[in-house]
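Participant: coords below, sequence missing:
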Ligand SMILES: Cc1ncc(COP(=O)(O)O)c(C=O)c1O
């Protein structure tokens, strides 16, 4: 039998997709679940954006587009970066991908390879680690926790840098912790990077608009403009505009890096969907006021979920500053025993207990390279949050 490529051994399949499949199976068997696994907005794509997509079809806008995105979408992205982030990019400094995910994967492949190290904090978005492996490089994990507000700081960054460091990944607001870097915190990281001119930085800003308690969003290229020649600022319409299925992500950065990503796309993805690109223009150029309304709803759900978990014995939860995730620490339930007689040793055991006995779906920490935590998405209804957190509370109380 022919062998598969050794490349497949360099990374794990997405744990979130696996769990999604398991939960879908249960649901199809007629089981009620309180599902906190989904990493996508539960809002519908706004009608004016859908209409732009429909109009594109009617206008026959259904053919191949330039690989790095249409001229019109790149212009809209350039306006977005200028309006929201004080970043000025010419069209040749912008690349569009079929979602931010393939764009980030191509961005890594363009700058790192065998022998290179990529710094990222853990807990992290699992795909960042997977994509590092896929590019042939090695993740250099910097564990962060409640003590550092789940953020990298200059001291941790300095300690993590080695002669092999080629790339730093920042993700703010963070999936999965909800940590948000302030402009000052980014400037301080920028000062460290100033002394290391051979390190690229990828700033994953997908959750830019979901930011709580009156904080202002900042991104590294804006806070540390002196580094702009080596920062790729990645964003997209999936999370902010409830457009996960349309598959449009984009990046702005130095021409060399952008051209490298475009070159990879010429032999992999090709251009993104023409209809989705037309819809993304409507998203970026259209009314923006609903974003603040949605953020208010996400913040209310965060507060509801935190209140629901407050009296769950054994759980502690930091207050997320953005995104739509909670990352409760479940150290306090380890060593306890379920009513069925199983000893809980890890967050995976605890998550299985929640799933099997209480119908509550959360994602255990190892999926995010950490323990003993689990991730809950609050991109779901208030009814699910209230009932689901009550079940988690009861599940904790039932442990002995
Ligand atoms: C931090 C982060 N970056 C990037 C992505 C990818 O987004 P897209 O839907 O545009 O591929 C996700 C999706 O979950 C994410 O959480």
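Facilitator: The structure has been received and is ready for your questions. Owing to the predicted nature of the structure, the values given are computational and were not obtained by experimental measurement.

Participant: which residues does residue 7 contact?
Facilitator: Residues in contact with residue 7 (C-beta atoms under 8 Å, 6 or more residues apart in numbering) are 134, 136. For the C-beta atoms, the positions are set from N, CA and C on the backbone; glycine is no exception.

Participant: Under a three-state scheme, what state does it occupy?
Facilitator: helix (DSSP: H, G, I helix; E, B strand; the rest coil).

Participant: The spatially closest residue to residue 306 that is not a sequence neighbour and residue 332, how far apart?
Facilitator: Excluding its sequence neighbours, the residue lying closest to residue 306 (C-beta to C-beta, 6 or more residues apart in numbering) is residue 317, at 6.0 Å. Counting by C-beta to C-beta, to the nearest Å, the gap from residue 317 to residue 332 is 11 Å.

Participant: Of all the residues in the strand or helix carrying residue 256, which ones are buried?
Facilitator: Using DSSP states H and E, residue 256 falls within helix 255-266. Counting neighbours by 16 or more other C-beta atoms under 10 Å, one finds that the buried residues in helix 255-266 are 257-258, 260-262, 264-265.

Participant: Mind listing the residues bridging to residue 139?
Facilitator: Beta-bridge partners for residue 139, by DSSP bridges, are residue 118.

Participant: if I read this right, it contacts residue 127, doesn't it?
Facilitator: No - Residue 139 lies out of contact with residue 127 (C-beta atoms under 8 Å); the separation is 11.8 Å.

Participant: number of nearby residues for residue 330?
Facilitator: Using other C-beta atoms under 10 Å, residue 330 has 27 other residues around it.

Participant: From what I see, it and residue 347 are in contact.
Facilitator: Yes - Residue 330 lies in contact with residue 347 (C-beta under 8 Å); the separation is 5.4 Å.

Participant: Overlap of the contact sets of those two?
Facilitator: 372-374.

Participant: Sitting in strands, which of those do you find?
Facilitator: residue 374 (DSSP state E).

Participant: just the shared contacts of residue 330 and residue 347 now: which is nearest residue 356?
Facilitator: For the shared contacts of residue 330 and residue 347, the closest approach to residue 356 (C-beta to C-beta) belongs to residue 374, at 14.5 Å.

Participant: Would you mind confirming that that closest one is in contact with residue 364?
Facilitator: Yes - assessed by C-beta under 8 Å, residue 374 is found in contact with residue 364 at 5.1 Å.

Participant: Counting neighbours, go ahead and name the busier of these two.
Facilitator: residue 374 (27 against 24).

Participant: For the protein, which segments are assigned as helices?
Facilitator: 15-28, 47-58, 71-85, 100-111, 126-134, 154-160, 183-194, 220-223, 255-266, 274-285, 289-309, 347-358, 382-397 (DSSP state H).

Participant: The longest one: which residues count as buried?
Facilitator: Of the residues in helix 289-309, 294-295, 297-299, 301-302, 305-306, 308-309 count as buried by neighbour count, 16+ other C-beta under 10 Å.

Participant: packing partners for that helix?
Facilitator: Under the contact criterion of 3 or more C-beta pairs under 8 Å, 6 or more residues apart in numbering; DSSP states H and E, helix 289-309 touches strand 325-326, helix 382-397.

Participant: how about 6 Å then?
Facilitator: In terms of contacts (3 or more C-beta pairs under 6 Å, 6 or more residues apart in numbering; DSSP states H and E), helix 289-309 is packed against helix 382-397.

Participant: now the third one
Facilitator: Under the contact criterion of 3+ C-beta pairs under 6 Å, 6+ apart, the helices and strands touching helix 71-85 comprise strand 94-97, helix 274-285.

Participant: Single out the most deeply packed of the ones you listed.
Facilitator: Using mean count of other C-beta atoms under 10 Å, the stretch among those with the greatest mean number of neighbours is strand 94-97 (a mean of 28).

Participant: chain center to that one: distance?
Facilitator: What separates the centre of strand 94-97 from the centre of its chain is 18 Å, taken as C-alpha atoms, centre = their mean, to the nearest Å.
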